[in-house]
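Trainee: Okay, sequence plus prediction incoming.
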Protein chains: 8
Amino acid sequence: MSLSVYLAGQIHDDWRDELKEKAKVKNLDIKFYGPQENHDLSDDIGEKILGQQPGAFYRDDAASSINNFRTSIMMQKSDAVIALFGEKYKQWNTAMDAGIAIGQNKPLILVRPESLIHPLKELSNQATATVENLDQVIEILTYYFE
Amino acid sequence: MSLSVYLAGQIHDDWRDELKEKAKVKNLDIKFYGPQENHDLSDDIGEKILGQQPGAFYRDDAASSINNFRTSIMMQKSDAVIALFGEKYKQWNTAMDAGIAIGQNKPLILVRPESLIHPLKELSNQATATVENLDQVIEILTYYFE
Amino acid sequence: MSLSVYLAGQIHDDWRDELKEKAKVKNLDIKFYGPQENHDLSDDIGEKILGQQPGAFYRDDAASSINNFRTSIMMQKSDAVIALFGEKYKQWNTAMDAGIAIGQNKPLILVRPESLIHPLKELSNQATATVENLDQVIEILTYYFE
Amino acid sequence: MSLSVYLAGQIHDDWRDELKEKAKVKNLDIKFYGPQENHDLSDDIGEKILGQQPGAFYRDDAASSINNFRTSIMMQKSDAVIALFGEKYKQWNTAMDAGIAIGQNKPLILVRPESLIHPLKELSNQATATVENLDQVIEILTYYFE
Amino acid sequence: MSLSVYLAGQIHDDWRDELKEKAKVKNLDIKFYGPQENHDLSDDIGEKILGQQPGAFYRDDAASSINNFRTSIMMQKSDAVIALFGEKYKQWNTAMDAGIAIGQNKPLILVRPESLIHPLKELSNQATATVENLDQVIEILTYYFE
Amino acid sequence: MSLSVYLAGQIHDDWRDELKEKAKVKNLDIKFYGPQENHDLSDDIGEKILGQQPGAFYRDDAASSINNFRTSIMMQKSDAVIALFGEKYKQWNTAMDAGIAIGQNKPLILVRPESLIHPLKELSNQATATVENLDQVIEILTYYFE
Amino acid sequence: MSLSVYLAGQIHDDWRDELKEKAKVKNLDIKFYGPQENHDLSDDIGEKILGQQPGAFYRDDAASSINNFRTSIMMQKSDAVIALFGEKYKQWNTAMDAGIAIGQNKPLILVRPESLIHPLKELSNQATATVENLDQVIEILTYYFE
Amino acid sequence: MSLSVYLAGQIHDDWRDELKEKAKVKNLDIKFYGPQENHDLSDDIGEKILGQQPGAFYRDDAASSINNFRTSIMMQKSDAVIALFGEKYKQWNTAMDAGIAIGQNKPLILVRPESLIHPLKELSNQATATVENLDQVIEILTYYFE
């Protein structure tokens, strides 16, 4: 009954640790995957491995090729995807990951504050379930194991 | 050799008409699909068809179910997707549509200004091609027919 | 922009003719598919083609093999499925067809009266859109072409 | 040679426990999945997690989004689906789950009493095998391991 | 509503012409595909195109590579497959084509005489429908268009 | 590096035991699946579970529904299929299983005597590899692990 | 019965025109797709559309993104792929296109001189058919229409 | 978090051992698959198992059928593919394997020296990431586990 879950979303705070901690408290048998959370490393990884690039686009493209290699594998290994949106940041990465999950029939939980109902309405409607906070995510995951 | 193309992106200005006009000038044999561009209608369509809803979330969920029915069919009928991002609006819909295209192996052109290189880097890297404006889109589509 | 739509549901009244008539009034370019609506023929088709069968199960199995051949092809040729439920009849066929549409990522509109909200709740939630009557179906299909 | 099996069907009696007990007696190495069997919890789970909803449709839609998240994952993890129908209840959920299994090529056993031959004839014909009771299910599962 | 149908089976008599004639009499809008019916040509096509081969296996492998190129395309273009078995010939080709149709979810009609019920039982059970002669095939195809 | 392999073919002699013994001698880490090898049980299983049937066709259809349930699961769990043909028996089951493997991109080894080159030529050409005896199968499987 | 065929291979001589001419002589109803044959344009298209790039890698990556957009769509629209290899040039593009065809179950004809048997042996074995020259390709395509 | 990776590329030197050693030093939990690296065995395996063949083409076709059986299984069991190109050898096998990975959505790392940028540009653009040496591969794989 164990589960593999990919955690899509911003990497500017420790929401993933918080979620993992809550899952641990509930003794949920879940393996969590997620993007590189060291933001500087995530941005630098292209130049770090491939050497200095000749401009912003090339630097970002190099980094993202390596991030995408990592994410693609993890998404394929996951039974479900949780995509969290907050009021800060553009978060197009998160929306793209949610779209990939939808396009590949991966069950998807959308987490977003009430203030973002309108701009996320089509995504919410295509997600399997939509909630507003991490405690609700844990309640759904707990329900999976009941 | 005719092509069907879905135009994902904001519906606040007439960029689709502009693109269609440019394609017409070049005599490109393309059938364009896209979301409902009447913004009010797109937001109201749920209540218009299903009756008044008891709050913002429900109103938006009703509208988006009908928008998603429309978009899902059109995406499946399209040979390629063009996703345009600009500096205004949240555009998570656009990123989700691009993600669905990626998840379903639909060739995808990303259009975004230079200023958005960084926040769209992973999406750009997974898109088939990335350009900065509609003239470049037309050049690619013209190249398809050459 | 033409559409192919499979109409799943009971064959005891002429709701399909009604829907086709409404679509015609609106000039919608739609090709409708649906099950055999001659109920006796639908039940007899197995024995009619394969000869008398040795009991109810065998008679029904023979008929349904031929009905399923017909439906499978039509579902594969359709861009979308409309599944109508009413207060009479068991309608497990309709729910199965809706499930096949869900399992194969076919956009699906569920039509059911308010009284059936509860027993159809999981199906409604997996359908692309849910409405209560044929006029609403026509409004969605009209919206597709706008 | 171990097997994962999803048990679709009503949750008003303990038929799943009965089946599991019979499998245990036969020492069959099977992991059984199934829907939430606490009926009240299954109906309340939406409001329990998402808060009070403004009406029956919204309450049911909230609950079913979470039930569908659970079921979708379990169906994907299962090697086969067993769908049981009885003379009571509407059981459209069961027919939908069976349809999803058919649409996704999951081997499917239909269990239904003789009295339901006619209304389940198309479903029976598309199922991999059809039986009338749980003992017959166990005989098939035992045969799998022989 | 037009249909494309692949006719799998032996090429020693003119059963395909007979079926096409019957379909023509009924005015059925069907495009029929099938294997090369000139038996000598079908056997010789490898050496005819690739030159003399150093033995029976190589001669047959060369011919079948070209026959398979032809059949693979036609099967993919067909909405359904009809597989006819008779009392003569090994007909493993026919059974393989039927298996490919099953493996790819192509609706399949099996045609076989009563004398072959037993050796074709698993194939019959996986076919969408089973009949005994070409008139019955025409009745099913006619029913499709009703 | 362990492998799961389905052994398609006749069940009239003990070729599967012979193959398993040879694999054991070579210490190959392979889990073998295969059809029910008790021929009487395989033919009787339908009536044994579902009760007496009203004729040969119905008896065979009942048995094969249960055999197909078993085989479908095992084929899906296998990394590769080995299909053995001999000079006796009709073996349409074997050809169908090979066709399903081809239709689902399952690597396939065909085993057949030289005398059957011609009637199996299209199947041989679509198989991943073709050999003449079980020792050669073992050599290929040994090569997989080298 | 019309066919769509993608012609993968080098763009340094006019072999595609030669093949099209031969097909025309035979009155074959085939729509041919292929890569951009203006070699300079194919190499320059990235900088032509996206502006000057900061080095060889970036220039080539820009061009190939646009070439891949073109090719991906054409491959998806084709019923079959013909991949031609000669003694000159690296032709990794051709081998990649052939691999994509294999990975997506697109029927594939390999054309290569006798001198390249050894280095193309695994590709030849996975192709649907292998020949040595364009006349043989035309013979296969003619056979398709017979 | 363990990974399975197929190593496509030439078998003339020990680059795979080098990569495995580097992965071991980093304690990466990776199972590596790859082609038969004993070059003589890889070329001889067809005749070794199937007996002497009547010429170069037949000898190579026999060997490659067995190599392809091996590779197909390993590719399906792998989470990602690494394809290495060098300045020697034709390496069409490597390009074909990379193409299969692309066609089947398998994450792909291309490794090639700077001198091969141009002839591998379309392949590089379709690969998930491109690097120039094995140390960079190890850095990406290490990053996957971080």
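Mentor: Yep, that arrived.
Trainee: and the lengthiest helix in chain A, how far from the chain's centre?
Mentor: Longest helix in chain A by number of residues, with DSSP state H as the criterion: helix A:56-77. Relative to the chain's own centre, helix A:56-77 is displaced by 14 Å; criterion: Cα atoms, centre = their mean, to the nearest Å.
Trainee: Report the angle between it and helix G:56-77.
Mentor: 40 degrees (axes from the mean of the first three to the mean of the last three Cα atoms, to 10 degrees).
Trainee: Indicate whether helix A:56-77 makes contact with chain G.
Mentor: Yes. If you take Cβ under 8 Å from any Cβ of the partner chain as the test, helix A:56-77 does meet chain G, through residue A:58. For glycine as for every other residue, the C-beta is placed from the backbone atoms N, C-alpha and C.
Trainee: what about that helix, average pLDDT?
Mentor: Averaged over helix A:56-77, pLDDT sits at 98.
Trainee: Need the CA coordinates for that helix. PDB is fine.
Mentor: Listed in PDB are the C-alpha atoms of helix A:56-77, where the atom choice follows Å, rounded to 0.1, in the frame of the first residue of the first chain:
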ATOM      1  CA  ALA A  56      21.200  34.300 -19.300                       C
ATOM      2  CA  PHE A  57      19.100  32.200 -21.700                       C
ATOM      3  CA  TYR A  58      21.900  29.700 -22.300                       C
ATOM      4  CA  ARG A  59      22.700  29.500 -18.500                       C
ATOM      5  CA  ASP A  60      19.100  28.900 -17.700                       C
ATOM      6  CA  ASP A  61      18.600  26.400 -20.600                       C
ATOM      7  CA  ALA A  62      21.600  24.400 -19.400                       C
ATOM      8  CA  ALA A  63      20.400  24.300 -15.800                       C
ATOM      9  CA  SER A  64      16.900  23.400 -16.800                       C
ATOM     10  CA  SER A  65      18.000  20.500 -19.000                       C
ATOM     11  CA  ILE A  66      19.500  18.900 -15.900                       C
ATOM     12  CA  ASN A  67      16.500  19.800 -13.700                       C
ATOM     13  CA  ASN A  68      14.200  18.300 -16.300                       C
ATOM     14  CA  PHE A  69      16.200  15.100 -16.400                       C
ATOM     15  CA  ARG A  70      15.700  14.800 -12.700                       C
ATOM     16  CA  THR A  71      12.100  15.700 -12.600                       C
ATOM     17  CA  SER A  72      11.000  13.500 -15.600                       C
ATOM     18  CA  ILE A  73      12.300  10.400 -14.000                       C
ATOM     19  CA  MET A  74      10.800  11.200 -10.600                       C
ATOM     20  CA  MET A  75       7.400  12.000 -12.100                       C
ATOM     21  CA  GLN A  76       7.400   8.700 -13.900                       C
ATOM     22  CA  LYS A  77       8.200   6.900 -10.700                       C
END
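Trainee: Output the contacting helices and strands for it.
Mentor: strand A:3-9, strand A:30-33, helix A:39-50, helix A:92-103, helix B:121-126, strand H:129-131, helix H:134-145 (3 or more Cβ pairs under 8 Å, 6 or more residues apart in numbering or on different chains; DSSP states H and E).
Trainee: quick one: buried residues of the second one?
Mentor: When you say that, I think you mean strand A:30-33. Buried positions in strand A:30-33, judged by neighbour count with 16 or more other Cβ atoms under 10 Å in any protein chain shown: A:30, A:32-33.
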